[in-house]
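**Student:** return a 3D structure for these sequence lines:
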Amino acid sequence: MLKKGNKLYSILTGSCPRCHGESMYEDTNPYHLGSLFKMHPRCTHCNTKYKIEPSFFYGAMYVSYAVGIAFAVAAFVIAFLILGIGLLETFIAIVVTMVVFMPVIIRLSRNIWINIFIKYDPGTVHID
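**Tutor:** Numbers count the residues shown, from 1 in each chain. Predicted structure coming up:
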């Protein structure tokens, strides 16, 4: 089970990288496409600013490429190597996987990117 204080917790839940106190996103569901990129400006628990500088999350595009490749490879392994379906059907499975998981890939990439630059600090946790 993931516990607060672990970078993986922040990456998978989209929580504040500094205190893990709340979600960085206004809407936690990435499949609400209208609010996919909408983030709170700051954490209400520790006051961490999420957009460190203008265009900060452009760097997440590079991470997105790697995460997308991981999803595509997983789709290939499952479709071609495990299920044994043909190459055309495997290609279709990869394309469908990439389209269906696009919002998740975008969010994961942003979460990974911000966690590279902001470290967890248990001293910033605001206790209610």
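**Student:** can you tell me the helix or strand for the most centrally placed residue in the chain?
**Tutor:** Centroid-nearest residue in the chain: residue 108, 1.3 Å away (criterion: Cα atoms, centre = their mean). Element membership for residue 108 (DSSP states H and E) is helix 102-117.
**Student:** please state the offset of that helix from the chain centre?
**Tutor:** Put simply, helix 102-117 sits 3 Å off its chain's centre (Cα atoms, centre = their mean, to the nearest Å).
**Student:** returning to what we had before: residue 58 versus the residue nearest to the centre of the chain, what's the distance?
**Tutor:** 16 Å (Cβ to Cβ, to the nearest Å). No exception for glycine: its C-beta is placed from N, CA and C like everyone else's.
**Student:** check residue 87 too.
**Tutor:** Taking Cβ to Cβ, one finds residue 87 at 35 Å from residue 58.
**Student:** on that earlier part again, quick one, what contacts the residue nearest to the centre of the chain?
**Tutor:** Contacts here follow Cβ atoms under 8 Å, 6 or more residues apart in numbering; on that basis residue 108 touches 11, 12, 67.
**Student:** how about the helices in this protein?
**Tutor:** Assigned by DSSP state H, the chain shows helices spanning 7-13, 60-76, 87-100, 102-117.
**Student:** quick one: residues in contact with the lowest-mean-pLDDT helix or strand in the chain.
**Tutor:** When the helices and strands of the chain are compared on mean pLDDT, DSSP states H and E, helix 7-13 comes out lowest with a mean of 94. Around helix 7-13, the neighbours that count as contacts under Cβ under 8 Å, 6+ apart are 2, 3, 15, 16, 17, 20, 23, 108, 111, 112, 115, 120.
**Student:** a markdown table for those residues, including pLDDT and distance to residue 41?
**Tutor:** Output for the contacts of helix 7-13, formatted as a markdown table (pLDDT from 0 to 100; distance: Cβ to Cβ, whole Å):
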| residue | pLDDT | distance to residue 41 |
| --- | --- | --- |
| 2 | 77 | 26 |
| 3 | 83 | 27 |
| 15 | 94 | 16 |
| 16 | 94 | 12 |
| 17 | 94 | 15 |
| 20 | 91 | 18 |
| 23 | 94 | 13 |
| 108 | 97 | 21 |
| 111 | 96 | 17 |
| 112 | 96 | 20 |
| 115 | 95 | 18 |
| 120 | 91 | 20 |
